[in-house]
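Asker: turn this into a structure:
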Amino acid sequence: MRDELFGQHPQSAIAPEDRAAFRGLRYFPYDPKHRFSASLIEEPGERFEVQTSTGEAMWLRPIGRVEIPLGMLPVFWIDVYGGGVFIPFKDATAGTDTYGGGRYLLDTVKGADLGSNERGELILDLNFAYHPSCHYNYRWSCPLAGPESRLATRVEAGEMSYMPLSVRS
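Answerer: Here you go, the predicted model:
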């Protein structure tokens with residue numbers, strides 16, 4: 001479904017001139033060891049401005065953090081447009097196997113949310129980590145993972161860097 005939307009939807013992040021050659025995204029093999037449940041450790045903070053990939057300003061508000069076996073990740077509220085819970089991250093695959101600006105684990109404004117379990121913990125599955133739209137087309141404006149959102153290890157789960165068909169061979 002995601003490949004179909006990327007290849008055909010008029011608002012796809014893939015540039016219109018590249019859609020005809022688009023043959024799909026690449027993913028690391030699904031691995032259940034990258035699926036976690038974590039409680040939100042509430043640590044509300046002051047709203048702050050971040051620069052997006054295009055240099056535009058965007059507002060985030062820290063609401064807490066989650067601890068997963070791979071490290072601690074901050075949790076933000078996107079404090080503009082539709083709002084939403086947001087967890088970006090960058091790991092040791094960034095710039096090689098994945099986009100150098102990081103990936104998104106949770107972005108409820110876009111519906112990228114697996115919900116919570118019976119204990120109220122967030123379900124966080126790195127197998128569903130995906131790239132921001134600016135990875136596919138520089139015209140898109142995206143908040144990127146900051147230094148506080150870095151994991152020291154390689155997370156070989158989720159979406160891999162997009163390579164046009166001509167580069168894959």
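Asker: give me every residue that touches the spatially closest residue to residue 131 that is not a sequence neighbour.
Answerer: Leaving aside its sequence neighbours, residue 131 sits nearest to residue 99 (Cβ to Cβ, 6 or more residues apart in numbering; 4.8 Å). C-beta: built from backbone N, CA, C; applies to glycine. Counting by Cβ atoms under 8 Å, 6 or more residues apart in numbering, residue 99 touches 131-132, 135, 161.
Asker: now residue 114
Answerer: The contact partners of residue 114, by Cβ under 8 Å, 6+ apart, come to 122-125, 128.
Asker: mind redoing it with 7 Å?
Answerer: 123, 125 (Cβ atoms under 7 Å, 6 or more residues apart in numbering).
Asker: how close does it sit to residue 151?
Answerer: 19 Å (Cβ to Cβ, to the nearest Å).
Asker: follow-up on the earlier one: adding pLDDT and secondary structure, write the contacts of residue 99 out as TSV.
Answerer: Compiled in TSV, those are given as follows (pLDDT from 0 to 100; DSSP: H, G, I helix; E, B strand; the rest coil):
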residue	pLDDT	secondary structure
131	94	coil
132	93	coil
135	93	helix
161	94	coil
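Asker: which one of the residues you listed sits closest to residue 86?
Answerer: Taking Cβ to Cβ as the measure, residue 86 lies nearest residue 132 of the contacts of residue 99, at 10.8 Å.
Asker: what's around the closest one, how many residues?
Answerer: 23 (other Cβ atoms under 10 Å).
Asker: quick revisit: for residue 144, see how far away the residue nearest to residue 131 is.
Answerer: From residue 99 to residue 144 the distance is 9 Å (Cβ to Cβ).
Asker: which residues does residue 49 bridge with?
Answerer: residue 59 (DSSP bridges).
Asker: correct me if wrong: it contacts residue 57.
Answerer: Yes: with contacts counted by Cβ atoms under 7 Å, residue 49 reaches residue 57, the gap being 5.1 Å.
Asker: and the residue nearest the centre of the chain, its phi and psi?
Answerer: The centre of the chain sits closest to residue 104, judged by Cα atoms, centre = their mean, with a distance of 1.1 Å. Dihedral pair for residue 104: phi -110, psi 130, per degrees, to the nearest 10.
Asker: who are the contact partners of it?
Answerer: By Cβ under 7 Å, 6+ apart, the neighbours of residue 104 are 88, 112, 129-130, 132.
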